[in-house]
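# quick one, structure for this:
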Amino acid sequence: MIGCEYASIFKALGVDVTLVDGRDRLLPFLDNEISDRLRDRLAALGMHFWFNERPSKPKTPQTEFVSR
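All right, here's what the predicted structure looks like:
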């Protein structure tokens, strides 16, 4: 729930947001219709969703530091 709230706040601030969730739908503890409507409204705002996915460790580019 908190991730969904933060995602909507960042989207309102103009950030491109993709919500990644290991479950099959948004906020599964809610009634199916409520969950579906929330997803539809957030998608209408431009938010993207990946369901049945697990985030992995992010890869960062190798950065070379030069000290003086």
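
# what's the first helix or strand after the longest helix along the chain?
The single longest helix within the chain, with elements called by DSSP state H, is helix 32-44. Remark: after helix 32-44, the chain's next helix or strand is strand 48-51, criterion DSSP states H and E.

# quick one: mean pLDDT for that following strand?
Averaging pLDDT along strand 48-51 gives 92.

# partners of it, with directions?
Here strand 48-51 has these sheet partners by DSSP bridges: strand 18-21 (parallel).

# alpha carbons only: can I get the partner strand in CSV?
Only the C-alpha atoms of strand 18-21 are listed here, as CSV (Å, rounded to 0.1, in the frame of the first residue of the first chain):
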residue,chain,number,x,y,z
THR,A,18,6.6,1.8,-13.1
LEU,A,19,5.2,-0.2,-10.2
VAL,A,20,6.7,-3.7,-10.0
ASP,A,21,4.7,-6.2,-7.9
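
# buried residues in it?
For strand 18-21, burial by neighbour count (16 or more other CB atoms under 10 Å) applies to 19, 21. From N, CA and C alone the C-beta is placed, and that goes for glycine too.

# report the rounded mean pLDDT for that strand.
pLDDT averaged over strand 18-21 gives 89.

# elements contacting the longest helix of the chain?
helix 2-12, strand 48-51 (3 or more CB pairs under 8 Å, 6 or more residues apart in numbering; DSSP states H and E).

# nearest to residue 24, out of those?
Nearest to residue 24 among these is strand 48-51; the distance by CB to CB comes to 5.6 Å.

# thinking again about what came up before, now do the longest helix of the chain: everything it contacts.
4, 7, 8, 11, 19, 25, 26, 27, 28, 30, 49 (CB atoms under 8 Å, 6 or more residues apart in numbering).

# next up, the contacts around the third one.
Just to be clear, that refers to residue 8. Residue 8 neighbours (CB under 8 Å, 6+ apart): 42, 45, 47.

# now the helices and strands packed on helix 32-44 in TSV, with distance to residue 58?
Formatted as TSV, the helices and strands packed on helix 32-44 follow (distance: least, CB to CB, whole Å):
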stretch	distance to residue 58
helix 2-12	16
strand 48-51	15
